[in-house]
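1. mind folding the following:
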Amino acid sequence: MHTLKPILFIDRDGTLIQEPPVDYQVDSLEKLTFMPQVFRGLGRIARELNFRLVMVSNQDGLGTSRFPKKTFDLPHQKMLEVFAGEGIRFDEICIDPSMPEENSPNRKPRTGMLTHYLVPDSGYDLSQSYVIGDRDTDMVLAQNLGCKGILIQASAFESRVPEVISLQTTDWMDVYKHLRRERRKAVIHRQTKETDIQISLSIDGTAEANIDTGLGFFDHMLEQLVRHSGIDLMVKTQGDLHIDEHHTIEDTALALGEAFHKALRHKVGMMRYGFYLPMDDIRAKVAIDFGGRNWLMWKVKFKRERIGDVPTEMFYHFFKSFSDKALCNLNIRAKGKNEHHKIEAIFKAWAKAIRMAVSIDDNVEYLPTTKGLL
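-> Sure thing, here's the model as predicted:
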């Protein structure tokens, strides 16, 4: 299945480079000053997050006697050279030279320069795209494109479209962290003749759960995953429970594993490994490695055939299916007397292991592997 690519539509003056306070024209090298942290923040975005980068700028009267093109070109080309030297290259540069009174369809916040991104089957996902700029016209452009907005502005700001602003900051590292969190999400719809499953996952969540699989004890276990890992998770499963529980549990695990694999596709700085957990009479140990290879080691014995409305034999199938689709290694061991506590401790330990493994060290700018690929 082809994956639509998101876009960052980025303003120039006041966003990438400082805007001169008097004439607002960067028309010499002496006026060329870069915004704080732009190389580090935008550089990490370019290397790690797979956005198309599009520069979009209004340059009032460019090409006229008051703003000759040659005075614009020298600092502009120097700016692009410096960005390229930091690994930042723009896929497209869109510049409108008109004056406000001309009402050009190309002038921001109008979308005339960007109509090729608005056509059906463009290959781009505007709903997951952003306009980054320092003015309200940039935020209105975001609304007109169907994007979200990031406002590069320190002062209090009253916008015409506050609902599109997802972040206000002057620090490009804040922009990077915000986009990274937003990218660690996944929506999965898995439908077969036996089940119809919808999953929405946010790795960097606030432990919000909305679980409905038709199996009360299974719901309770997935709620343990959410509470102890800190993810946000919505699961809606309609399965052939009139036959038995097998397809509902196994297929939910497959869809959940696929969601984790999709949400964790950008692993730079990720811890990768996790482990944990005692619970009353139970000692549960779960080790996990999101290293791109599936494997399950299962050292758990149950003395009861069912816990609640779930057959105990299905827990092995659940974790095996999750491992297969998440492409992770799972090593699960548990000992104790109370069977309810045993599987609950396993789910809690699994959640804690996930929380550790998906955590990010902002100071690490490389993949946690010597292979160069995860």
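
2. in this structure, which spans are helices?
-> With DSSP state H as the criterion, the chain has helices at 38-48, 69-85, 136-145, 172-183, 216-229, 246-263, 313-326, 339-358.

3. and Glu270, what does it touch?
-> Not quite, residue 270 is Met, not Glu. Met270 sits next to 264, 290, 357-360, 368 when contact means Cβ atoms under 8 Å, 6 or more residues apart in numbering. The C-beta positions use only the backbone N, C-alpha and C, and glycine is treated the same way.

4. kindly apply the preceding question to Lys185 instead.
-> Residues in contact with Lys185 (Cβ under 8 Å, 6+ apart) are 200-203, 263.

5. now Ile307
-> Neighbouring residues of Ile307 by Cβ under 8 Å, 6+ apart: 217, 339-340, 343.

6. from Gly214, how far out is it?
-> Ile307 is 16 Å from Gly214, where distance means Cβ to Cβ, to the nearest Å.

7. which members of the contacts of Lys185 are the farthest-apart pair?
-> Checking these against each other with Cβ to Cβ, the farthest-apart pair comes out as Ser200 and Ile203, at 11.7 Å.

8. who's more crowded, these two?
-> Shown here are Ser200 and Ile203; by other Cβ atoms under 10 Å, Ile203 has more neighbours (25 against 16).

9. wait, that one touches Arg265, no?
-> No: here Ile203 lies out of contact with Arg265, judged by Cβ atoms under 8 Å, at a distance of 10.9 Å.

10. gap between the most far-flung residue of the chain relative to its centre and Thr71?
-> Most distant from the centre of the chain: Ser65, at 45.5 Å, with distances by Cα atoms, centre = their mean. Remark: distance between Ser65 and Thr71 (Cβ to Cβ) = 11 Å.

11. how about the strands in the stretch 151-300 of the chain?
-> Using DSSP state E, counting those that start in this stretch, the strands of the stretch 151-300 of the chain run over 165-169, 185-191, 195-202, 209-212, 232-239, 273-275, 278-279, 282-289, 295-299.

12. for those strands, give me CSV that also has distance to Asp324 and mean pLDDT.
-> Shown next, in CSV, are the strands of the stretch 151-300 of the chain (distance: least, Cβ to Cβ, whole Å; pLDDT from 0 to 100):
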stretch, distance to Asp324, mean pLDDT
strand 165-169, 34, 96
strand 185-191, 13, 92
strand 195-202, 15, 96
strand 209-212, 21, 98
strand 232-239, 18, 96
strand 273-275, 19, 78
strand 278-279, 27, 68
strand 282-289, 14, 90
strand 295-299, 8, 96
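
13. so can I have JSON lines of the ones you listed showing distance to Asp91?
-> Below are the strands of the stretch 151-300 of the chain laid out as JSON lines (distance: least, Cβ to Cβ, whole Å):
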{"stretch": "strand 165-169", "distance to Asp91": "22"}
{"stretch": "strand 185-191", "distance to Asp91": "23"}
{"stretch": "strand 195-202", "distance to Asp91": "27"}
{"stretch": "strand 209-212", "distance to Asp91": "37"}
{"stretch": "strand 232-239", "distance to Asp91": "31"}
{"stretch": "strand 273-275", "distance to Asp91": "35"}
{"stretch": "strand 278-279", "distance to Asp91": "51"}
{"stretch": "strand 282-289", "distance to Asp91": "35"}
{"stretch": "strand 295-299", "distance to Asp91": "39"}
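
14. which of those sits closest to His178?
-> Evaluated over those, closeness to His178 peaks at strand 165-169, with 4.7 Å, by Cβ to Cβ.

15. now that closest one, how far from the chain's geometric center?
-> Distance of strand 165-169 from its chain centroid, counting by Cα atoms, centre = their mean, to the nearest Å, is 16 Å.

16. what comes into contact with that strand?
-> Here strand 165-169 makes contact (Cβ under 8 Å, 6+ apart) with 130, 139, 148-153, 157, 159, 174-175, 178, 182.

17. paired strands for it, with orientation please.
-> Partner strands for strand 165-169, per DSSP bridges, with pairing direction: strand 148-152 (parallel).

18. I'd say Arg183 and His266 touch.
-> Yes: using Cβ under 8 Å, Arg183 is in contact with His266, at 6.0 Å.
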